[in-house]
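1. need a 3D model of the sequence below.
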Amino acid sequence: EREMLHKATLAIVFLGLVSASLCLWPEPQSSSYGSQTIRLNPTLVSIRTSTPSPVLQDAISRYSALFFPYEHKNDVTSRYEIDITCGTDNNLQFPLDEHYTISAKQQSCQINAPSVWGALRALETLSQLITYDSTHQTYQLTKVPIHITDYPRFPWRGLLLDTSRHYLPVHTILTSIDAMSYAKLNTFHWHIYDDQSFPVASTTYPNLTLAAWDPSAVYTHHDIQTVVNYAKNRGIRVLPEFEMPGHFQGYGTAFPNIITPNCYGNSPINPTVPAAWEIVSGFLKEMSTLFPDNHVHMGGDEVETECWDANPQIKAWMKANNIANSTALMQYFETRLLTQILPQSLPNKTPVVWEDLFDAGIQFPNKNIIVEVWRSTTELAKVIAAGYRGILAAGFYLDQQIPNSRQTFYEWEDTWINFYENEPVTSELHELKARNPKVDLSLVIGGEACMWGEQVDETNIYSRVWPRAAATAERLWSSEKLAKATPAVRARLNTFRCGSLSVRGVPAGPVEPGYCRIPRRK
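-> Model (predicted):
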């Protein structure tokens, strides 16, 4: 109790400090404020644009409601106009141009962005600038004039959701995507199947869903298209992960001959069986029509190679084909997958893989591949030193009680501090750069908060993910100068948790004692 009172007192003390720059999350790169307050009448606020973009029009309609969630008095008679000027590119492909500027004055607000995606980020920031006076039941813009110039520090800012260990209904995924957009995350990493279940409907191989938890726990083509389109309207890419050669047990219910037999749990593919390659190729080709992103995650982690070593048929095939050991067999698999199967079944897509393949010494066909690191920032430094682009997941695991070994917390929710202070471009990388000027730190392209699903389903996922994932979001968007989770940062996160998540229907967990006024829903 004493610790809780101490934290609450600190939050109150720093609240005045926070209000000097307004409670925006993630913190913009550059901002300046005046001293005037402008009261708004929601019925007289208009958003205009000449950009012919269905995505932008959808966002304008959405934010017209998000700006004003509470009941209000309409005693203000002056109009307030929001003008948006942006480019017309609706192509949602990495890297996105998410730059924007906001200039809010007494009677109008001007948003400028090179792309539609920047305009979407600007609308979210503007929604946080509009505050509600519960005493007078009015809306207002404070500290006008406001000038903001903003852009992300890293282009890849993701959230991984695991729908294999527990099936997540489509509406749960869509709400999660809403929350991602409020935090300015831009990549939904969909870990869609694994050993435990295979919930992806396939018209090519319909028996694959025999490994789903239940016939009702399956994502149809329509479901997948719904998720992809919903995410696009919020400026979020959908990155599917097709896990292989390990974590392949889900295929085995329908096709037991293509997995390695007598292997406990994480059964790898049997790469010596022609049918395995046929099924993988056919399934991936079918999926290519559903996922339009120019990247695809091909897994590669935790391959139980000892299962290959223990299998007489596989050992005999390896000997006949001059493959010396299981590492060489994995090299054979990845080479064939990346140079033959993917170009045919998933053309024009850049592969992303887990670091395990890099750590095992697997040789990739080129430096275009992206390596996702989940073990440590030291491993990320090795990836960058080797000239590959890297994504940091290490230290961003939302399912772990101790996300990193540097610090622990009495209250579980406070692990958001772990995520907030988890810097991708570490001192180790800077030292590496000092020793070798050819090391390119821009190869660190971002990171992902990861919610593995062993103990998470639709009943508890929101409070497990949010607002802690927002800490990762600010780490990846805002300046590296915001290095520490100060009481001022806690106060901003608390405001974001209430005003941008809970008020909008995302039941995010609280980070400190307080009251969040949830609007009555009809």
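2. how about the helices in the stretch 301-450 of the chain?
-> 305-309, 312-320, 326-336, 342-345, 355-359, 377-385, 416-420, 427-435 (DSSP state H, counting those that start in this stretch).
3. quick one: buried residues of the shortest one?
-> Yep, that's helix 342-345 we're talking about. 342, 345 (16 or more other CB atoms under 10 Å). Quick note: C-beta positions are derived from backbone N, CA and C, even for glycine.
4. could you list the alpha-carbon positions for it in PDB?
-> Extracted C-alpha coordinates of helix 342-345, given in PDB (Å, rounded to 0.1, in the frame of the first residue of the first chain):
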ATOM      1  CA  LEU A 342       8.400 -18.700 -52.200                       C
ATOM      2  CA  PRO A 343       9.100 -17.100 -55.600                       C
ATOM      3  CA  GLN A 344       6.500 -19.500 -57.100                       C
ATOM      4  CA  SER A 345       3.800 -19.500 -54.400                       C
END
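5. and it, what does it pack against?
-> Identification of packing neighbours for helix 342-345 by 3 or more CB pairs under 8 Å, 6 or more residues apart in numbering; DSSP states H and E yields helix 274-288.
6. now the helix it packs on, how far from the centre of its chain.
-> 27 Å (CA atoms, centre = their mean, to the nearest Å).
7. OK, contacts around the closest residue in space to Ser103 that isn't next to it in sequence?
-> Excluding its sequence neighbours, the residue lying closest to Ser103 (CB to CB, 6 or more residues apart in numbering) is Gln110, at 4.6 Å. With contact taken as CB atoms under 8 Å, 6 or more residues apart in numbering, Gln110 is in contact with 83, 85, 101-104.
8. and Gln110, helix, strand or coil?
-> strand (DSSP: H, G, I helix; E, B strand; the rest coil).
9. state the distance from it to Asp150.
-> Here the criterion is CB to CB, to the nearest Å. By it, Gln110 lies 14 Å from Asp150.
10. and what of Asn266?
-> Applying CB to CB to Asn266 and Asp150 gives a distance of 43 Å.
11. what about those two, which has more around it?
-> Shown here are Asn266 and Asp150; by other CB atoms under 10 Å, Asp150 has more neighbours (24 against 18).
12. isn't that one up against Thr101?
-> Yes. Assessed by CB atoms under 8 Å, Asp150 is found in contact with Thr101 at 7.4 Å.
13. overlap in contacts of these two?
-> In contact with both Asp150 and Thr101: Ala122, using CB under 8 Å, 6+ apart.
14. strands of the stretch 51-200 of the chain, start to end?
-> 80-86, 100-104, 108-113, 130-133, 138-150, 156-162, 187-191 (DSSP state E, counting those that start in this stretch).
15. Glu431: which of the ones you listed is closest?
-> strand 156-162 (23.7 Å; CB to CB).
16. and the closest one, which strands flank it?
-> strand 187-191 (parallel), strand 444-451 (parallel) (DSSP bridges).
17. would you reformat those strands as JSON lines and include mean pLDDT?
-> What follows is the strands paired with strand 156-162, written out as JSON lines (pLDDT from 0 to 100):
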{"stretch": "strand 187-191", "mean pLDDT": "98"}
{"stretch": "strand 444-451", "mean pLDDT": "98"}
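18. what about the protein, any weak spots by pLDDT?
-> 1-21, 265, 521-522 (pLDDT under 70).
19. for the residue in it sticking out farthest from the centre, give its distance to Val228.
-> In the chain, counting by CA atoms, centre = their mean, Ala320 sits farthest out from the average C-alpha position, at 44.3 Å. According to CB to CB, Ala320 stands 43 Å off from Val228.
20. swap in Thr131?
-> Taking CB to CB, one finds Thr131 at 34 Å from Val228.
21. ok, Ile111 - contacts?
-> 82-86, 100-102, 119, 122-123, 126.
22. what bridges to it?
-> Ile84, Ile102.
23. Val238 now?
-> Phe188.
24. what distance do you get for it to Pro155?
-> Taken as CB to CB, the span from Val238 to Pro155 is 16 Å.
25. which one's more surrounded, these two?
-> For Val238 versus Pro155, neighbours defined as other CB under 10 Å are more numerous around Val238 (23 against 17).
26. if anything else comes up later, I'll come back, but that's it for now.
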